[in-house]
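Participant: Sequence first, predicted model second:
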Amino acid sequence: MEHPLVQLARLTIETYLKEGKSPPLPRQLTQEMQARAGVFVSLHRRHALRGCIGTFAPTTANVAQEIMRNAVSASTEDPRFSPMTTDELADLEISVDVLSAPEPVRSAADLDAKKYGVIVKSGPRRGLLLPDLDGVNTPEEQIAICRQKGGIANNEPVDLFRFTVTRYH
């Protein structure tokens, strides 16, 4: 059985793809849904990434709204993929990551690829990577991917931040 946060993401995606609009906000929000935090919604089909969009800081009134907004974006606006169709719903795997507030760190020595997500920032550009991703085993790999995502060259000075997530399936 899926966690209620994942159920909300699934309901939002299904409703949006079938009706072109998001469902109403649930009347009863769980305690987790009432909090304010950044949220990432990740979509997989047959163990392959199908979409992932999120926010590292809260942009809405609560986690429920954050999930609903990012679920629609992950399914229809991830620039790496074409928008999802209703034919893809049957085997869609969804995970929801609720992020802690980012904290600055001095170097890669303060990171752990399994425990911490990373934000790499250089001026207005930044890249973010969630923790504990398949194929990403070291902080150096996380930083390199973040640099690539943010369009930040390997020789540019950066500010590093780490965060934890609570991942729901």
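Facilitator: Yes, it's here.

Participant: could you pull out the strands for this structure?
Facilitator: Assigned by DSSP state E, the chain shows strands spanning 39-45, 48-54, 92-99, 103-105, 117-122, 125-129, 159-163, 165-168.

Participant: for the spatially most central residue of the chain, which residues make a bridge with it?
Facilitator: Of all residues in the chain, the one closest to the mean position by C-alpha atoms, centre = their mean is F40, 2.1 Å from it. For F40, the beta-bridge partners under DSSP bridges are G54, D97.

Participant: wait, what's in contact with it?
Facilitator: 52-55, 70, 96-97, 99, 130, 165 (C-beta atoms under 8 Å, 6 or more residues apart in numbering). Quick note: C-beta positions are derived from backbone N, CA and C, even for glycine.

Participant: before we move on, what about Q34?
Facilitator: With C-beta under 8 Å, 6+ apart, Q34 has these contacts: 62-64.

Participant: from the residues you listed, which is closest to A144?
Facilitator: V63 (30.3 Å; C-beta to C-beta).

Participant: quick one: that closest one and V41, what's the gap?
Facilitator: To V41, V63 is 11 Å away according to C-beta to C-beta, to the nearest Å.

Participant: More neighbours: these two, which one.
Facilitator: The neighbour count for V63 versus V41, taken as other C-beta atoms under 10 Å, is higher for V41 (31 against 24).

Participant: Average pLDDT for the lengthiest helix in the chain, rounded please.
Facilitator: Longest helix in the chain by number of residues (criterion: DSSP state H): helix 4-19. In this model, helix 4-19 has an average pLDDT of 98.

Participant: Return the list of helices and strands in contact with that helix.
Facilitator: helix 31-34, helix 63-76, strand 92-99 (3 or more C-beta pairs under 8 Å, 6 or more residues apart in numbering; DSSP states H and E).

Participant: 10 Å instead, please
Facilitator: helix 31-34, strand 39-45, helix 63-76, strand 92-99, strand 165-168 (3 or more C-beta pairs under 10 Å, 6 or more residues apart in numbering; DSSP states H and E).

Participant: Pretty sure M33 is one of the things T60 touches, is it not?
Facilitator: No: T60 sits out of contact with M33 when judged by C-beta atoms under 10 Å, with a separation of 11.2 Å.

Participant: what is in contact with those two at once?
Facilitator: 66-67 (C-beta atoms under 10 Å, 6 or more residues apart in numbering).

Participant: quick one: common contacting residues for V63 and V41?
Facilitator: Common neighbours of V63 and V41 (C-beta under 10 Å, 6+ apart) are 5, 8, 96.
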